[in-house]
Structure formats: C-alpha cells, structure tokens
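> Need coordinates for the below:
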Amino acid sequence: MKMAPAKPVREMLSFSVFTPYYKETVMYSIMELEKENEDGISTVFYLQKIFPDEWKNFLERIGRDEHTLVSELKENPNDLLELRLWASYRGQTLARTGTVRGMMYYRRALVLESYMERPIYDDLENVLPNSNITSTHGYELSREARAQADLKFTYVVTCQIYGKQKQDRNPEASDIAFLMQRNEALRVAFIDIVEKLKDGKVYKEFYSKLVKADVHGKDKEIYSIKLPGYPLLGEGKPENQNHAIVFTRGDAIQTIDMNQDNYFEEALKMRNLLEEFYGDHGLRPPTILGVREHVFTGSVSSLASFMSNQEASFVTMGQRVLANPLKVRMHYGHPDVFDRIFHITRGGISKASRIINISEDIYAGFNSTLRQGNITHHEYIQVGKGRDVGLNQIAMFEGKVAGGNGEQVLSRDVYRLGQLFDFFRMLSFYFTTVGFYFCTMMTVLTVYIFLYGRAYLALSGVGGSIMEKVKGNTALTAALNTQFLFQIGIFTAVPMIMGFILEQGFLKAIVSFFTMQLQLCSIFFTFSLGTRTHYFGRTILHGGAKYKATGRGFVVQHIKFADNYRLYSRSHFVKALEVAMLLLVYTAYGYNTEGAFAYILLTISSWFLVISWLFSPYLFNPSGFEWEKTVNDFKDWTNWLLYRGGIGVKGEESWEAWWDEEQAHIRSLRGRIFETILSLRFFIFQYGIVYKLHVSGNDTSLTVYGWSWIVLAGLILIFKVFTFSQKVSVNFQLLLRLIQGITFMAFLTGLVVVVFKSTLTVKDIFASMLAFIPTGWGILCLAIAWKPIVKRIGLWKSIRSLGRLYDAGMGMIVFIPVAMCSWLPFVSTFQTRLMFNQAFSRGLEISLILAGNKPNSEL
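A predicted model of the protein is given here:
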C-alpha cells in the first residue's frame, strides 16, 4: 500500500475538522442512563452487559470495586461525570465524536509528533548518557508542542441552535460548554438572533458567531459576522455547514458526521494523507481525498452485522475501484478531506437547495468533478463510523438515500455529468450512482411484469394453448421455469461476498457467508430491495424527498406492531399482498403440465419475496414473538386504527391522521395522472376472473362483466349501511340497528338461496373475493389520486371508511401469523438467538436483558 511520506509538523499542511450538529445527544444525562424501557432495561444496564470488561476497567480506573453499583457512583459528582462520559463514549454522541475520544486525537497526535521533532540544541554526546531523547513522557505539557499543534489543527462544531439552547437553558448547551472547557482546540459556530428596538418596532438581526471556552469556563467570542437575513433557507444540514465554513482555517477540511469516531493510531497518519494533495494522481491534482471507514457497530446484532458488512464492501473495494481506474468516485458522505481553497472559491462543500439537495454530500463530489477536480481514495487511514442497528433505523436511512437518488435523477448536475463524461466513464458513473437504484427498481418491476403476464396467460387461456403446442420442447420449458430464480434480492449482496473473499480469504468468506444465511440475511436484503424501490420510485413520480432522522440510540426495545405497520404498510405490505394475489391467480387458473415441483421452482422466489416483505419487520423486532407483547401490540393497533383523531392529532395517534399523511406526496397533475395509470392494473383481476366462474358458464359477453359491477356496487352499499356515521345517526340508533340487522339477514339469505338455486358454487364465492378485493383497492387508489374532486362530490368519508377496512384486513393478514408464532414459546427464544448471535458469542446474555431480569442489588 503506497503511502505518502510525512513532513515535519511545522511544514505540514494545516487543516480543520468540521462537524454539523443539530439536536443529537451531546452527553448522556444520568436520567437518560437510568431511564428504563418497557422491559425494565436502562441504558447503563445494557452497556454493562454489552461491555463487561470495559465496565470493570472503568471502575478500577476511578478507584472503585468491580461490584460497585450505579447508585453509589451518583454520590460522588466526579464519579458521576466520569460515568456519563464512559457511557457517552460508547454511544453515537457528540462527546464521542468531538472530544479526547474522537477528533481531538488529531491534536494529541500532532502534539506528540511535534514533541518528538523538537530541536535538541545541546551536544548529542552530552545529552544521550543522561536522557532519552525519544521519551514521550510529559509531551502533553510541552507548550511549544501544543502551540505547534494549535497552529496546524482546528476543530469546529457547527451547532446552529447553540444560541437558542443557551437562552432556553437546555442541558445540551451546558454539555457543549463543558466539552469546550475540556478541549481547548474545540470551537463552536452558531447562529445568534438578536432582537433590537428601532422606531418602536422590534427587529431581528442575525449573526454567525464562533466561540471557544476562556480560562474561566465562559464562552469567549472569537468572530461575529452580521448576516443579511436568516441564513437557513434550504436543507438544514448543508445550510448549517455553509454558514460556518468561513470559520475554518488551513488548507484542508475534513468533514465528520455525528456518528463517527477516531483512533489515535490513525490520527498519526494524517500528515501522510495531507501530502497526497501534492502527489501524482493523474492529469489533475486531488481536490477531495477519500478516506475509508471502519464500522464499529457490527457486533450489536445480526442486522448491525449485515449493514456493517455491506458498508465495508462499499467503503473499501467499491470506492477503491471507483477512484482508480474508473475515476468516478464522488463524495458519499464523511470523512473525506477537501481542498479548502478549491472548494470555498467554487461554491463551498454543500449545496443546500431544498428537496433537490436532500443528499447534499454527493453534490460536493458532482461539483468538484464538474469543475475539473480529482477525487482519490486512500485506505491506509480510516475513521470509525456507527451505522444503524435497528430495522426501522436502517429502513429510514435507506429510504432517505433512495429518495435522494430519485432527486439526483431530476437534477441538472447529473445531466451535465452525463453530457461531459466520455462513454465508458458515463456508464461507470451511471451504475455507481442513480443506475444502481434504477436497476433495483427494474428488478422489482420485472417481477410484477412477469407475474401480470403469467396472470394474463392464465386468465385468457392463452397459456394453456401455448403449453399444449410446446409440449416436449425441453429448452423452452426450462427457460420458462427458471426465470424466477434470478429475481431474488440476495444478488444485491454479491459485492459484499467479493469483499469477504478479498479481506478474509476464500474459506473464511464462505464460512461468513453461510453464517449470515443462517441469520436470514437473504430475507433482510430482499426486504431492503423493497425499501429502495418504493422510495426511489415514489420520488421519480412525485418528487418531494424528505430528510428522515434515523436516531442514533441503542436499539434493544421492542417496536410495537402499529409502529411497524405505519412505516411499512405502503412500501412493503401492499406490494407483497399484490404479488401474493397474482400468485394465487396463477395457482388457481394457471396451466402447468409439469406438476407441483415445476410450480414450486417457478414461484418459490416470488413467495420468498412476499414472506420477506410481510414479516421481516416482526422477525427482526426484539421480542417480536413474545405472547404478552403481542397481545399488548394488538390492543395498541386496534386503538390506533379506530381512533378518529382531529385537529392537531399526529399520525402516531390516529389512523385517519396517518392516512392523510400518506397521501401528502400526491400534489401535481402529472403525479395524479401517473397514479391513475398505475391503478388501472388492479381492474385486470375482476375482468379475468368473472369469466372463469362456474356460474358464468361459457358466456364471454360484456354482460357478465357488467353483472359483476352490479354485484360489487351492492356489496359497497351493504358496507356503507354498516359504516354509517354514528354522529349522524345519534337520534335514531334503534332504527339504524334494525336496518343493519335486516340487511345482514337479507344478505345471508340471498347468498344461500343463490348458491342452492343457481349454478353459483362456494368456489365461485372465494374466486369473487379474489376478483373484488383488487378492484376495491383500485377504486381506493383512484379516489386518493383525485382527492379534491372526490371531496367536492361528497364521497370522501365513504372512501376513508373503505381505506380503514383495507388497512384492518391487511393488518390482520400480517398479525395472525405473528400471533400464532408468539403462542409457541420456542419461537421467541430462537428469534433472540437469531438476532443477537454475535453478542452471544461474546458471552452476552441478551435474553437476560430483554427479560429485564436485573441483578439483585440487595444480595
């Protein structure tokens, strides 16, 4: 591995580290550490079990016995402060990123290197017998070394709301001030809002300020820049960076996120990395130095392991190839090092236009490449990175990235790059940015198109005639029966497998791969396939991608059924049930002469997709199959579903509020037309199935299809009778109950009479359900697409009642298998072992944690 030689500290390039902060955790308070979740698990108890050796070392370091309780540490303020820091250093907090444990390692390394390079003025022959010139004892006390390090390094945390936090006396402001007191090189940039009275009116003035801690622990203002107005007009994070970039100094800027860490041994190599700006990397000098990341959250759970391995394959092998020879590496986030002068004279490091620049990081790479910059990648230095460890966190992160890629498709930057790249570089750029998400979406669309094609062949009878004609044609039969085998989401994990082989060797890679299979990684990657497809496709159709805060906490608590349903209903459950309906149609009416085995080969991957999309949120949910929690989840879900809500009610509290939020993305006429076209596919089911009913006989006229609509209209009227508004009917409750009872009896009587007096069979009834359910959903989608018109004609309440019925039905389809598994006691144990297998291998008793069986403090 080629590494540039390092210059002495006094000759090296100076640099700044830059971290945007908003409302994330700075340090864990004692209340946060002792706060228990529904299982009785506190954060400090969890950390004690996850890091037992480090907990013992911590107690020894502060002079306590290894059996000391947290309540005893609270008696001593110094021990309490050390406990907060110890816990914060093991979470994804600003204290971990921005202090001695994090980016301040750069200053410590520079102090050490400067101390080791100090000039020796005496004669070496006289010095050597009496002292060791290579000794590092007391290097942190050297005033010269500290001054030299301060000249070369500055750390700026851009906290736009720090001024407001101080005014409100928030604990986060006190914690930030404490970090500045402990770290003299730490600077905080923020926006200060000053109200002034002029001509009897109150005016607001906005200042961008930089502060540090003085010798008395107070904030000392270094710079103050008056702004022409409120600066945060676009996306929050890039605007946060843009207002404070003026306070950085030096020749380079390293961008560091809130979920990152640093290591002392890596900080020692920063001088080598900065020399890469002068290295030979092609026709143009580097403008962004790419740095690899080490994901430190991989051992928390199986999901964290999947994300860690997937991320590692991208930040090592993937970015290495993108940088050289493909020359299409962009800035994918932190912790790349920017040529400061190049970028602040060419628009900065962050584009901040609202919505279109939701993924602001990659636009810095676009901007650098368009302005003839050169982006390299270097693997001899790395920083730590904390990834999402819960399925909901992962899904929200992937949804944010997929939505951001959808906005990139609509951006002029991608258009210009496509115009200016040569053919081969353009293809490489396409595949490694928006092309990956486009191909992912096409993979899922291929499954849909194939299944709809199969359903059409089955319902029209064409499939049977084709199979009769090609009977004996082995090649065609084999081609038809193997199409599904290449549509599984596991193939998106191929780069990760190749990364295993390169990093670990072939045999270890095989073992790691099969271990992940036993942990059901195929289900997880198939589920992620649906997440990326949904958010990318929706952004392409409607735009309006949104930033999703994923949270950076410890994920061991149980996620309620209603929370999972709200998050995944439209992105996964609806689509999975549509695929299941298509498979049922093919099963009922398809023509297969090869028997059950051929049918299994043909449909197994699609059924695998259905199961993955329906049950992954509950399979990877801590304590997802505990009976008591399942019962409580059902009560919570039914309360949410039936609560009508009102003004100011959030989607987490009421189904109606959530339902309105889910339709917010449909705003433009173009989007309504696209939704209308896509919704027409649901009417294929009814049109095909009604001609397959026994009662239809051989009649193929449109009369049969017309009668089916009459029957559907009758069912809707019956449904309307039973969902009549209680507010309207408050004065005639008895009459309404009488009408509902007569309607129900008449419906049952009519159904029995029709079955016995006509050719309608029980099989026809179930087939009619298979036809009418997709039609009802299609009507619902069309009504949502044209919501203003439906409201104007007074049908919106009926549509909302129909939507509630469908969500209740989908919820029960998902809930019943979960409840059945919860009834079996061994399933919960298996799931716990499955999710936290790596923690088990390190001696972690996760079952003790999830059960809340704390050690008895009185023994």
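> what are the C-alpha coordinates of stretch 35-48, in CSV please?
Provided in CSV are the C-alpha atoms of stretch 35-48 (Å, rounded to 0.1, in the frame of the first residue of the first chain):
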residue,chain,number,x,y,z
LYS,A,35,-34.4,5.5,32.2
GLU,A,36,-36.0,2.1,31.7
ASN,A,37,-37.8,0.9,28.6
GLU,A,38,-40.9,-1.2,28.7
ASP,A,39,-38.8,-4.3,29.5
GLY,A,40,-37.2,-2.6,32.5
ILE,A,41,-33.9,-2.2,30.7
SER,A,42,-31.9,1.0,31.3
THR,A,43,-29.1,2.2,29.0
VAL,A,44,-26.4,1.9,31.7
PHE,A,45,-27.5,-1.7,32.5
TYR,A,46,-27.4,-2.5,28.8
LEU,A,47,-23.9,-1.1,28.4
GLN,A,48,-22.7,-3.0,31.5
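> Show me which residues of it are buried.
37, 39, 41-48 (16 or more other CB atoms under 10 Å). From N, CA and C alone the C-beta is placed, and that goes for glycine too.
> Same question for stretch 236-249.
In stretch 236-249, the ones that count as buried by 16+ other CB under 10 Å are 236-245, 247-248.
> Next: stretch 177-188.
177-181, 183, 185-188.
> Stretch 647-662 too?
Those would be 651, 654-659, for stretch 647-662 by 16+ other CB under 10 Å.
> Check stretch 605-620 too.
Under 16+ other CB under 10 Å, the buried positions of stretch 605-620 are 605-606, 608-620.
> centre of the chain versus stretch 290-310, how much separation?
The chain centre lies 14 Å from the centre of stretch 290-310; the measure is CA atoms, centre = their mean, to the nearest Å.
> pLDDT on it, on average?
Summarised as a single mean, pLDDT over stretch 290-310 is 80.
> Quick check, L451 in contact with Y586.
Yes: taking contacts as CB atoms under 8 Å, L451 lies within contact range of Y586: 7.2 Å.
> what helix or strand does the most centrally placed residue in the chain sit in?
Nearest to the mean C-alpha position of the chain, by CA atoms, centre = their mean, lies F397 at 1.8 Å. According to DSSP states H and E, F397 maps onto helix 391-409.
> any idea which helix or strand comes after that helix?
Downstream of helix 391-409 (by DSSP H and E), the next one is helix 412-420.
> Flag every buried residue along the helix or strand just after that following helix.
Sequence-wise, the next helix or strand downstream of helix 412-420 (DSSP H and E) is helix 423-432. Neighbour counts over helix 423-432 (16+ other CB under 10 Å) mark 428-430, 432 as buried.
> could you check the angle helix 391-409 makes with the helix or strand just after helix 423-432?
Downstream of helix 423-432, the next assigned helix or strand under DSSP H and E is helix 434-460. If you take axes from the mean of the first three to the mean of the last three CA atoms, to 10 degrees, helix 434-460 sits at 100 degrees to helix 391-409.
> circling back to that earlier point, could you find which two of the buried residues of stretch 236-249 are furthest from each other?
Spanning the widest gap among these are G236 and T248, at 19.2 Å by CB to CB.
> So which residues of this structure form strands?
15-21, 153-159, 186-198, 201-213, 219-227, 252-255, 260-261, 288-295, 337-339, 375-385 (DSSP state E).
> out of those strands, which comes closest to V695?
strand 288-295 (60.5 Å).
> Take that closest one, keep the C-alpha atoms, and write them as CSV.
The C-alpha coordinates for strand 288-295 follow below in CSV (Å, rounded to 0.1, in the frame of the first residue of the first chain):
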residue,chain,number,x,y,z
ILE,A,288,-11.0,15.5,-2.4
LEU,A,289,-9.1,12.8,-0.6
GLY,A,290,-11.3,9.9,0.1
VAL,A,291,-10.9,8.0,3.4
ARG,A,292,-12.2,4.6,4.3
GLU,A,293,-14.4,4.0,7.3
HIS,A,294,-14.4,1.3,10.0
VAL,A,295,-17.9,0.4,11.1
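> same for it, what does it pack against?
Secondary-structure packing of strand 288-295 (3 or more CB pairs under 8 Å, 6 or more residues apart in numbering; DSSP states H and E): helix 270-274, helix 302-313, helix 319-323, strand 337-339, helix 360-370, strand 375-385.
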